[in-house]
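Visitor: Curious how this folds, go ahead:
(2 chains)
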Amino acid sequence: MATSAMDLTFSNPLSSFASKAQPNRSPKARAFTVRCSIPLSSDGAALGLAERPWKTSDARLVLEDGSVWTAKSFGASGTQVGEVVFNTSLTGYQEILTDPSYAGQFVLMTNPHIGNTGVNFDDEESNQCFLAGLVIRSLSISTSNWRCAETLGDYLAKRNIMGIYDVDTRAITRRLRQDGSLIGVLSTEDSKSDKELLQLSRSWDIVGVDLISGVSCKTPYEWIDKTKSDWEFSSNERDVDALHVVAYDFGIKHNILRRLASYGCKITVVPSTWPALETLKMKPNGVLFSNGPGDPSAVPYAVETVKEILGKIPVFGICMGHQLLGQALGGKTFKMKFGHHGGNHPVRNLRSGHVEISSQNHNYAVDAASLPEGVEVTHVNLNDGSCAGLAYPAQNIMSLQYHPEASPGPHDSDYAFQEFIEMLKRVKQNA
Amino acid sequence: MGYCINCDTLSSKFALSRPSSISSHFKRLLSKPNSDRVLFCSNELRNKRYLAPLSLRPWPVQLARHEVDYRSRVGSVQSKQSDVSIADSRPKLGKRTDLKKIMIIGAGPIVIGQACEFDYSGTQACKALREEGYEVILINSNPATIMTDPDLADRTYIAPMTPELIEQVLEKERPDALLPTMGGQTALNLAVALAESGALDKYGVELIGAKLEAIKKAEDRDLFKQAMKSIGIKTPPSGIANTLDECIEIANNIEFPLIIRPAFTLGGTGGGIAYNKEEFETICKAGLAASLTSQVLVEKSLLGWKEYELEVMRDLADNVVIICSIENIDPMGVHTGDSITVAPAQTLTDKEYQRLRDYSIAIIREIGVECGGSNVQFAVNPQDGEVMVIEMNPRVSRSSALASKATGFPIAKMAAKLSIGYSLDQIPNDITKKTPASFEPSIDYVVTKIPRFAFEKFPGSQPLLTTQMKSVGESMAVGRTFQESFQKAVRSLECGYSGWGCAQVKELEREWEELKYTLRVPNPDRIHAIYAAMKKGMKVDDIHELSFIDKWFLTQLKELVDVEQFLLVRSLSDLTKSDFYEVKRRGFSDKQIAFATKSTEKEVRSKRLSLGVTPAYKRVDTCAAEFEANTPYMYSSYDFECESAPTQRRKVLILGGGPNRIGQGIEFDYCCCHTSFALQEAGYETIMMNSNPETVSTDYDTSDRLYFEPLTIEDVINIIDLERPDGIIVQFGGQTPLKLALPIQRYLDEHKPKCASGAGLVRIWGTSPDSIDAAEDRERFNAILKELNIDQPKGGIAKSDSDAIAIAADIGYPVVVRPSYVLGGRAMEIVYSDEKLVKYLENAVEVDPERPVLIDRYLSDAIEIDVDALADSQGNVVIGGIMEHIEQAGVHSGDSACMIPTQTVPASCLDTIRLWTTKLAKRLNVCGLMNCQYAITVSREVYLLEANPRASRTVPFVSKAIGHPLAKYASLVMSGKSLHELYFTKEVIPKYVSVKEAVLPFEKFQGCDVLLGPEMRSTGEVMGIDPDFAIAFAKAQIAAGHKLPLSGTVFLSLNDLTKPHLERIARAFLALDFSIVSTSGTAHVLELAKIPVERVLKVHEGRPHPGDMLANGQIQLMVITSSGDALDQIDGMKLRRMGLAYKVPVITTVPGALATAAAIKSLKSSPVKMIALQDLFDVEVKTEGSKDLQSASSSL
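Guide: Numbering: from 1, shown residues only, chains lettered A, B, ... in the order given. Coordinates of the predicted model:
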């Protein structure tokens, strides 16, 4: 089943982002009754009998530590390299699939059953899937949800994303916990030896790679969608006079935009490379630096942009935006052992004392000790004590390492948007 | 599921909403909207958010917070109070130092709907509070609980729980606080009663965990609906009506179908589901008539909606977390306790789940549960996702016990710590030790719970599942996938299935229409009907339309049928390693594979092992492996990596009792836990294996290691192979492990596995399986008794119908008949004639040479005696306790009240009993516990009825009565210690009398008779202790819920067999100033004896009859002994059921009547005094060495 795309994948592991355009690659939609696709065993007795009601293993995941995991494939086929991270969220696989922050990563879901609710039109966090692949324990053989429009397998196949299932996800998670994030290669190609795949995994690194330019929008656009009334969970009073927010798209999740819109903002989304000067010209009430994939140190241009805006306009950083702010303020970021990926992390809001259950997805963190005087650590992750939020009131800066927009995840931190709005209003009134 | 409350809770809820309390509460609500919230508002920004219908942070900065260094971790958190100026009378965060003594109320006897999960929660609470240095006062009437062990609390009252008696304890003990959320509805109701009567204020006792207002708001249906409305959450439309017109008016505003629930009736009498107006009016009329208060609740039926539960925890700092989401496979309409449930929820998207989460958080805040756990139940419309909240429990519940076991997060323990002032982030996660408890567990497996039923024990009741809970126990299983956990849960049930499908189930023989009915109407066997329907080719869609079970689950099941089809056309040798993995990963047991491939379980196992396919054990760690956790809590899967890491220590595998059922419940769990505690202390590593989520034994810190696994031979052998323990203990878990003893022994003999500790071979500890078999096998046992010169009632073994008739003719009627190898007297009956015997053999059991029937002489009017004895490996035997039953022989010992020490047994008989017990224990080489049952006839002849060389259900009762932990001793004896080394060398005869009374679930089973018989039907037991027998008996009666009248009228109706005792009974009541009412036969005898009696017509003779008098409150007590004839089956049964409905005590035995009279007499002369167990034992210690009343025979 080797295709020309394979070579391409070899030369540029991230080419799968572009491979949507590959016409010769007919995605294999796997229906639910997957039939045995390899010749039946040489054991003659098996011939002519009821077929196995399961698919035989046809994929491998090779990790840089040398371990080889046989699995079954769904979605696209081929060979793909990426960083394996695990996510402990029990719900929200569709949001995770479409979260651009996962670009270049294989997401391993620790919840064994994935695909149960299929995929729907509403729960997309971006216009496509950027992740490198999906690793799960069990692929649902049917879907059940009133909003379901498509099965997970079909969805991934159409988007040319590889997935594997029937692999001991817990065993891999334990490895990742012990050894830290690992680079892995996913392949459905028998022609490739384990050794080749291992070499491939060792020849690639995610550190220092600019993944943002691949996921950011190319031109600015206006965003108007609010959180749909069905799903609105906070009925705070909205202001009539809209505030204008420029949102830098480093791989922005749509729910950040929906939440801002719900709080009454008029939003202009701009590409990651959008010059600070242009932003300042637009005279927004505030600027938001979004979440995004990879290493903040790999995008010095973004840090420069942030620096130019700081102090001039109130800003809010989320995830990658928080890390860029940290760097722009003179602090350092570092790569965590295996990062935070899940929907159950306790974060203490040091201002209120409250514990918020938060949605997390990051592999890098800001080293709080490296931050200059005047910068206040506002939130701390209670699991490991890492910095989860910053503020620099003097310059109207606030940022969170985790995801107040949830989706997936709890809504405990939604108040952050309210605080951002309050800050914009205060600045606007004083101006 | 239960959006419907069952009758008991209904009445309590209605009781809560007495007009005065409603109105005062509403006034408060109206006059001070959101009053307590506004109090905490500190700035206008937040003010706005308070008023939001579903604000996420209604109480943001309500308390002074810890200002924490951002790097600080839990544990080093300094609670420096900052200067937030709020007028706040609440306790400051952190452990409260103003409290010293805390009282915990237990849940009382095990009843349906309130089982040993509350022993689990109460035990955790006791441990947690004492760990924090508080003095704990515990009151619980249930002696079979771990929590009532005298060393778990500082003061333990095994005593009846009424508000008045608890007030007595409050007065005596003066606790600072009362924690009411650990003992189920019972404790909550008692706390409400104590608060409302002013007792708590009077003694300055603070309610912690849940305040009165919050309890009322959650429990009262009207207040709850109002509260939900105020935060914008929907509840099913409903109304309360007192007349038919009002019913119709409500019905005009709500869509059909409608659920009608009469208030204050038992077992949902008069209620039902109406699909049209005509039906509605009929049911409403019946309901209004049936209701004592002529009140019905009319509610929109959400039949077919999906049902979810969320377990929520909140601390005093207003941090809220969700511990677990549970999805019910059985949709709305079946009580959640009777539903098959799965955790985590499987068919919710994140948006839908977060909506339920937001609602749960808003609800716990609105209801005002300050701290602790709550359970919120939701119904979700599968068509459009519409959500309605059904109910919330402001306390630890059955579901929270399940959630604790499902996630590894100890909800009760945490709730106890929160109640004394800790916040969630100040408590470390028990399992990871490093992360704080303020998180939401993530799980990487699927948990399935399946309820276990006992309809066969209650003839006359319909095996249908409704909104009233009827299950008596449950099994839980953990697997990596739904299929794996589901199949494991089915085989954990021990209902004769080794998984789902791959068996000749009876439903396969059903006609289509019958099958469809079984799918449509919820019943205990619905899952097997689904299997049969699928096997017959019914489509998933069609099954869904009939059952409303979500298609996701049905498709999963369908795949299991596909796998079965695949296996059916294979022979074992065809299966490859990968085939085996695929099949085993779907949870199929070796036995199922054997069925499908037409081979034996043993062959499957050896083939499987030859291919290297063995289970991999995974750990339950609350965090899906995100953090390092060294939890000793494991389950099997057929994944790649095994995390079990067995040690090389000296260790013991303890097999638990599996799901609770009638005849095998908490008593055995008590024994298993004690074994674990004792052997841990003795330096062994203890390994527990069990499948019951309600128990203390499946708490991960009870034993060194816990395997949450089905108790089948396959699963046990897997663990033996893995752990290779020094010893395996099978005699404490009841019949379940006992049945495994022989197969395990065979396996050990064949494979001779070596212990991991290097101390020789793995072996079963204690009495050998061969001896156990010798006692169970009737022929072997008879030979032994003959050899020892021990008498037993004349009897025989019938292998055919003609055998049976001949044996009965030989020994003479009445005879006791029962199948061999039974539990809890299953299908045991007393038969008076050939005709009845034939009928029994036709209906009750099949007789064939494989399954013979035992026929014994029935000893009329005999006293039954239960003996628990302890023997060590050197042949020393000590009697643990000799219990005299109050009900005559023939009533199952589990259903009979009994007492220690004996009261009426002649010393010569006791000596015979001691001698025989000792001889038998020695002959059977008993090592550990043995239970014997004897009968003493009127002429003082002693017969041995039964002997079981294992722990019996009376062990906890005896242990508490004599003040010696027999199960602990037994386990130490089995590890090789002698009784001398344990200093237990002499039978203890306590100075005070302990009475055990059984608690029966007749209320839950409409249409079944309440007579006691040889078949055990009680679900639980209570205990009364007092120096005086009559008071001890009275205490036990009160604890069992019988309200003994001190005056009034007693209705006497005795059958011919018991008529000789009539005069004695009548005079006893007469002496207590009771007047007597009787029907003709009984009255005639009384009149002859010149005893004043008022005659009343029999029910079939006309009116007014005793039923009318009952309804009019003219009868306060009934003594009815059944003749068992056709008329009694109708008349007598109706009367007895009415007595139950009107809560008039019904006594069905002569000794029961006499004991009751004695109890009433003593109650009249002196009030009940509450005595702590610790005081009794102190007395015991003081008087040790002094001469006992009864001469105890020392065996050593």
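
Visitor: Only C-alpha atoms from now on, for both contacts and neighbour counts.
Guide: OK.

Visitor: Can you name the next helix or strand after the helix or strand containing B:Y635?
Guide: Taking DSSP states H and E as the criterion, the element that holds B:Y635 is strand B:633-637. Using DSSP H and E, the helix or strand that follows strand B:633-637 in sequence is strand B:651-655.

Visitor: Just the mean pLDDT for the helix or strand that that next one is followed by, thanks.
Guide: Following strand B:651-655 in sequence order, the next helix or strand is helix B:666-681 (DSSP H and E). For helix B:666-681, the mean pLDDT works out to 96.

Visitor: what's the answer for stretch B:127-144, then?
Guide: Mean predicted confidence for stretch B:127-144 is 96.

Visitor: next one: stretch B:685-693
Guide: 97.

Visitor: likewise stretch A:341-351?
Guide: Mean predicted confidence for stretch A:341-351 is 95.

Visitor: ok but B:L1070 is inside a helix, no?
Guide: Yes. Membership of B:L1070 in a helix is supported by DSSP: H, G, I helix; E, B strand; the rest coil.

Visitor: what's it in contact with, if anything?
Guide: B:I1076 (C-alpha atoms under 8 Å, 6 or more residues apart in numbering or on different chains).

Visitor: Look up how far B:Q1037 lies from it.
Guide: Computed as C-alpha to C-alpha, to the nearest Å, the B:L1070 to B:Q1037 distance reads 21 Å.

Visitor: Helix or strand for A:I164, just tell me which one.
Guide: A:I164 belongs to strand A:162-165, assigned by DSSP H and E.

Visitor: and what of A:A261?
Guide: A:A261 belongs to helix A:254-262, assigned by DSSP H and E.

Visitor: contacting residues around that helix?
Guide: Contacts for helix A:254-262 (C-alpha under 8 Å, 6+ apart): A:124-126, A:223-227, A:238, A:267, A:405-407, A:417.

Visitor: repeat that for 6 Å
Guide: A:125-126, A:225-227, A:405 (C-alpha atoms under 6 Å, 6 or more residues apart in numbering or on different chains).

Visitor: What mean pLDDT does it get?
Guide: 95.

Visitor: Same question for stretch B:868-887.
Guide: 95.

Visitor: Tell me the buried residues in it?
Guide: B:868-873, B:875-887 (16 or more other C-alpha atoms under 10 Å in any protein chain shown).

Visitor: Using PDB, list the CA coordinates for stretch B:226-233.
Guide: What follows is stretch B:226-233, C-alpha atoms only, in PDB (Å, rounded to 0.1, in the frame of the first residue of the first chain):
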ATOM      1  CA  GLN B 226     -38.500  25.300  43.400                       C
ATOM      2  CA  ALA B 227     -34.700  25.500  43.900                       C
ATOM      3  CA  MET B 228     -34.100  24.000  40.400                       C
ATOM      4  CA  LYS B 229     -36.400  26.500  38.900                       C
ATOM      5  CA  SER B 230     -34.600  29.400  40.600                       C
ATOM      6  CA  ILE B 231     -31.300  28.300  38.900                       C
ATOM      7  CA  GLY B 232     -32.900  27.600  35.600                       C
ATOM      8  CA  ILE B 233     -32.600  23.800  35.500                       C
END
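
Visitor: tell me the mean pLDDT for that stretch?
Guide: On average, stretch B:226-233 scores 93.

Visitor: Return the distance of that stretch from the chain's centre.
Guide: 34 Å (C-alpha atoms, centre = their mean, to the nearest Å).

Visitor: That stretch near chain A anywhere?
Guide: No. Using C-alpha under 6 Å from any C-alpha of the partner chain, stretch B:226-233 never reaches chain A; the gap is at least 10.8 Å.

Visitor: Of all the residues in that stretch, which ones are buried?
Guide: For stretch B:226-233, by 16+ other C-alpha under 10 Å, it's B:226-228, B:231, B:233.

Visitor: again with stretch B:1163-1173
Guide: B:1163, B:1168, B:1170-1173.

Visitor: In the chain, which strand is the longest?
Guide: All of this refers to chain A. strand A:332-349 (DSSP state E).

Visitor: my bad, the chain I had in mind was chain B
Guide: Longest strand in chain B, counting by DSSP E: strand B:877-888.

Visitor: Sheet-wise, list the partners of that one with their directions.
Guide: strand B:863-871 (antiparallel), strand B:898-900 (antiparallel) (DSSP bridges).

Visitor: got the contact list for A:G317?
Guide: Counted by C-alpha under 6 Å, 6+ apart, A:G317 has contacts A:288-289, A:399.

Visitor: Go again with 10 Å.
Guide: A:G317 sits next to A:247-248, A:287-291, A:306, A:323-326, A:389-391, A:397-402 when contact means C-alpha atoms under 10 Å, 6 or more residues apart in numbering or on different chains.

Visitor: likewise B:Q1129?
Guide: Here B:Q1129 is in contact with B:1009, B:1122-1123 (C-alpha under 10 Å, 6+ apart).

Visitor: Show the buried residues in those residues.
Guide: Buried among those (16+ other C-alpha under 10 Å): B:1009, B:1122.

Visitor: picking that back up, mind exporting the C-alpha coordinates of the helix or strand that the helix holding A:A261 is followed by to CSV?
Guide: Downstream of helix A:254-262, the first helix or strand assigned by DSSP H and E is strand A:265-271. Below are the C-alpha coordinates for strand A:265-271, written out as CSV (Å, rounded to 0.1, in the frame of the first residue of the first chain):
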residue,chain,number,x,y,z
CYS,A,265,-16.3,41.5,21.6
LYS,A,266,-15.8,42.4,18.0
ILE,A,267,-12.9,40.3,16.9
THR,A,268,-10.4,40.5,14.1
VAL,A,269,-8.2,37.4,13.8
VAL,A,270,-4.8,38.1,12.3
PRO,A,271,-2.0,35.7,11.2
